[in-house]
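[1] Take this sequence and fold it.
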Amino acid sequence: MATIKVDHITNSEGTKNLLEKTKKGLGFIPNMYINMGKNEALLDSYVYAYQSFRVNAGFSPVEQEVVFLSVAYENNCEYCMAAHSFVGDKLSKVPTEVTDAIRNGSAIPDAKLAALSKLTRVLTGTRGNANQEDVNAFLKAGYNESHILGIITGIAIKTMSNYSNHITSPEVDAVFSARKWKK
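    You can find the predicted model right below:
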């Protein structure tokens, strides 16, 4: 895998403002954000879409983490798996058995969350070309067509961070280190 070295933050005011807001909100600036900050368009797009997904996609915090973890699993993103495992466990209150099942590629004990993870993984793996059987199984689990579009939003967001992480190789932050992951 190709990597690039990101050794300093851009001097743009937009990036500085985004990183300052992140630090105020989280208490630290994740290494991923520092690396993404080398391109203001990437960091700005990611932060805006991430916040919009959290508020507007129609998923509970638990479901949001299932989407993000499922995309990170399919894209083999070690950083995002560690970060969203931590966020899922500590902040969004995802049951550990659900987080661990996604991390291990095993069966999720909750049928509705399993359907959400499956369609997310199918859409990620097929570049959005799910078959009707997969869509019908998702709808039968209690979701609607708007949720499918919400999944696509989650995939877009995590793909930005996953691909950026593949190229810039951020070190997993200490706060996430207990949930380090390798596929």
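[2] hey, let's count contacts and neighbours off CA atoms from now on
    Fine.
[3] Centre of the chain to stretch 19-33, how far?
    Counting by Cα atoms, centre = their mean, to the nearest Å, stretch 19-33 is centred 16 Å from the centre of its parent chain.
[4] same check, this time on stretch 24-43
    With Cα atoms, centre = their mean, you get 14 Å for stretch 24-43.
[5] now it: mean pLDDT?
    The average of the pLDDT scores along stretch 24-43 is 93.
[6] quick one: contacts of the lowest-mean-pLDDT helix or strand in the chain?
    Within the chain, confidence by mean pLDDT, DSSP states H and E is lowest for helix 13-26 among all helices and strands, at a mean of 90. With contact meaning Cα atoms under 8 Å, 6 or more residues apart in numbering, helix 13-26 is reached by 28-29, 33-34, 37, 40, 43-44, 47.
[7] And the contacts of the helix or strand where Ile167 lies?
    Element membership for Ile167, per DSSP states H and E: helix 145-168. Under the contact criterion Cα under 8 Å, 6+ apart, helix 145-168 has outside partners 1-6, 32, 35-36, 42, 46, 49-50, 53, 57-59, 64, 67-68, 71-72, 75-77, 79-80, 120, 123-124, 128, 139.
[8] For His84, see how far away the residue lying closest to Pro109 once chain neighbours are set aside is.
    Spatially, and ignoring its direct neighbours in sequence, Pro109 is nearest to Val98 (6.7 Å; Cα to Cα, 6 or more residues apart in numbering). Distance from Val98 to His84, counting by Cα to Cα, to the nearest Å: 12 Å.
[9] for Glu13, same thing?
    28 Å.
[10] before we move on, what about Asn129?
    25 Å.
[11] related to what we said a few turns ago, more crowded one of Glu13 and His84?
    For Glu13 and His84, the more surrounded residue by other Cα atoms under 10 Å is His84, and the numbers stand at 23 against 10.
[12] What helix or strand is the residue nearest to the spatial centre of the chain located in?
    By Cα atoms, centre = their mean, the chain has its centre lying nearest to Phe68, at 3.3 Å. According to DSSP H and E, Phe68 maps onto helix 61-74.
[13] Please point out which parts of that helix sit buried.
    Under the neighbour-count criterion of 16 or more other Cα atoms under 10 Å, helix 61-74 has 61-74 buried.
[14] isn't Glu63 right next to Leu113, touching?
    Yes - between Glu63 and Leu113 a contact is recorded at 6.9 Å, counting by Cα atoms under 8 Å.
[15] and the end-to-end length of stretch 26-44?
    Separation of the first and last residues of stretch 26-44 by Cα to Cα is 17 Å.
[16] Any idea how far that stretch is from the middle of the chain?
    14 Å.
[17] What residues sit buried inside that stretch?
    If you call a residue buried by 16+ other Cα under 10 Å, then stretch 26-44 has these buried ones: 29-38, 40, 42-44.
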